[in-house]
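Asker: Sharing a sequence plus its predicted fold:
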Amino acid sequence: MRRREFIALVGGAAVTWPLVAHAQQIERVRKLGVLIASLEIDPEGQARIAALRQGLQELGWIEGRNIKIEYRWIAADSDRIKSADAAALVALKPEVILAGPTSALAVLRPETQTIPIVFVQVTDPVGSGFVSSLDHPGGNITGFSQFEFTVGAKWVELLKQIAPSVARIGMIYDPVNPTSANYISVPPMRSSVLSPPSPPNRIAASFPCPVRSSCRTASSSLHSRFGLACHTSIRFATTS
């Protein structure tokens, strides 16, 4: 190869390499969709997003550098608007979508059977029909379930340890959430460690939960100071 041809070849490569490197950088930017059933101003929702960003960063995914995250907040919207938001998120063609809790996954599932979906805070993914089983979910959906319904029996055991004289309990649940009743229906919960065995008295309280009035209802009907809440949006301990 003659000297001039060699210089032209090297010079051309020097111009081409930065363009190739730049193209590779663009290709490395990934798109993540997040569908979260929470108000955007909710501190808990913001804390979860902060934890997501931190976890991604620890794995080398930096928002604005090599990953772009599209957020959709759907807590206060009607079912029609929630479905529209889910469809709009799918239309952006993210490479994976993070969804949670159950209500977010419910509106997202019909919108795509191809984009991988990772769920969090879904109480009963098998019973709700989202996955075939926890071991082999199948389809495009997988994720993490934070509850096992038989833990309801453990709640009763803990109450008995705290207050051995308690003979009956009240369970405040969200009637809108179809999984709430599953805690009450499991056999360990109904037989439990109470003497004599008796099922918990059910007190319906939709989100946002009127905690004080619900606790007073449980207390007056049971003549007891203790109750259980089987939905994460309902938080209370005891009544006086």
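Answerer: Received it, and whenever you're ready, just let me know what you need.
Asker: doesn't residue 161 fall inside a strand?
Answerer: No. Read with DSSP: H, G, I helix; E, B strand; the rest coil, residue 161 is helix and lies in no strand.
Asker: all helices of this structure, in order?
Answerer: 3-27, 43-58, 79-91, 102-108, 151-162, 180-185, 187-191, 211-222 (DSSP state H).
Asker: Would you mind giving the domain segments of the protein?
Answerer: 30-143, 151-229 (automatic domain parsing).
Asker: Check those domains for me: which has the lowest mean pLDDT.
Answerer: Mean pLDDT is lowest for domain 151-229 among the domains of the chain, at a mean of 63.
Asker: neighbouring contacts of stretch 70-81?
Answerer: Stretch 70-81 has contacts (C-beta atoms under 8 Å, 6 or more residues apart in numbering) with 31-40, 42, 45, 49, 82, 85-86, 88-89, 92, 94, 103-104, 107. Every C-beta, even on glycine, is put in place using the N, C-alpha and C of the backbone.
Asker: Going by neighbour count, which of these are buried?
Answerer: 32-38, 45, 49, 82, 85-86, 89, 94, 103-104, 107 (16 or more other C-beta atoms under 10 Å).
Asker: Just the C-alphas of stretch 126-138, formatted as PDB.
Answerer: Below are the C-alpha coordinates for stretch 126-138, written out as PDB (Å, rounded to 0.1, in the frame of the first residue of the first chain):
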ATOM      1  CA  VAL A 126     -51.800 -16.200  40.800                       C
ATOM      2  CA  GLY A 127     -55.300 -15.900  42.200                       C
ATOM      3  CA  SER A 128     -55.800 -12.600  40.300                       C
ATOM      4  CA  GLY A 129     -54.900 -14.400  37.000                       C
ATOM      5  CA  PHE A 130     -51.800 -12.300  36.200                       C
ATOM      6  CA  VAL A 131     -49.400 -15.300  36.200                       C
ATOM      7  CA  SER A 132     -49.800 -19.100  36.000                       C
ATOM      8  CA  SER A 133     -47.600 -19.700  39.100                       C
ATOM      9  CA  LEU A 134     -44.900 -18.000  41.100                       C
ATOM     10  CA  ASP A 135     -42.300 -20.500  39.900                       C
ATOM     11  CA  HIS A 136     -43.300 -20.400  36.300                       C
ATOM     12  CA  PRO A 137     -45.300 -17.200  35.600                       C
ATOM     13  CA  GLY A 138     -45.400 -17.600  31.800                       C
END
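Asker: Tell me which residues of it come out buried.
Answerer: Result for stretch 126-138 [16+ other C-beta under 10 Å]: buried residues 130-131, 137.
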